[in-house]
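Participant: output the structure for:
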Amino acid sequence: MPECTKRRYPGLKKELADLIKYRLEKSKNTLQDAKVLFEKASFSSAVNRIYYAMFYAVSGLLLSKNLSSSKHSGIRSLFNKEFVNKGLLDKELGRFYSKIFEERQEGDYKDFIKFDKNIVGEWIESAEDFIKKIENVTLNIINK
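Facilitator: Next up, the predicted model:
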């Protein structure tokens, strides 16, 4: 293992560290996609991308503790159990993640769902803050 990897990610295998960094980067790129869709007034698709941006960030965070799940409900449960309920992240972040999950479900699977432009715009801003906080905690964990 290269010396720089040992120093930057002590105790963490390079492959896992690379996957975590990839998920964080994918999270930011997906949020950019949400912004493009929002600007094109494709609000339902923007909500989908907001959720997935948050999902990728959370999955990277969980990997930093060697945790994962093959189901979205499992990811949400682990996030709340390991980070929100233990006070490592604010409860409001857990509530927001659950809210966006539910909104994405409705937008993807229910008929005649329309999202309000102003609300979706607020969700994009909140998701940006969410992702920054998740990234900070994740990087603190993998750099220990």
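
Participant: and Asn118, how far is that from Ile124?
Facilitator: Per CB to CB, to the nearest Å, Asn118 is found 11 Å from Ile124. Just so you know, the C-beta spots here come from the backbone N, C-alpha and C atoms, and that holds for glycine as well.

Participant: more neighbours: which of the two?
Facilitator: Applying other CB atoms under 10 Å to Asn118 and Ile124 shows that Ile124 carries more neighbours, namely 19 against 8.

Participant: what's the strand or helix carrying the more buried one packed up against?
Facilitator: Assessed by DSSP states H and E, Ile124 sits inside helix 117-142. Judged by 3 or more CB pairs under 8 Å, 6 or more residues apart in numbering; DSSP states H and E, helix 117-142 is in contact with helix 14-39, helix 43-63, helix 91-109.

Participant: got a pLDDT number for Gly11?
Facilitator: At Gly11, the pLDDT value in this model is 59.

Participant: same question for the one 4 residues further on.
Facilitator: Glu15 is assigned 91 on the pLDDT scale.

Participant: alright, I will stop here.
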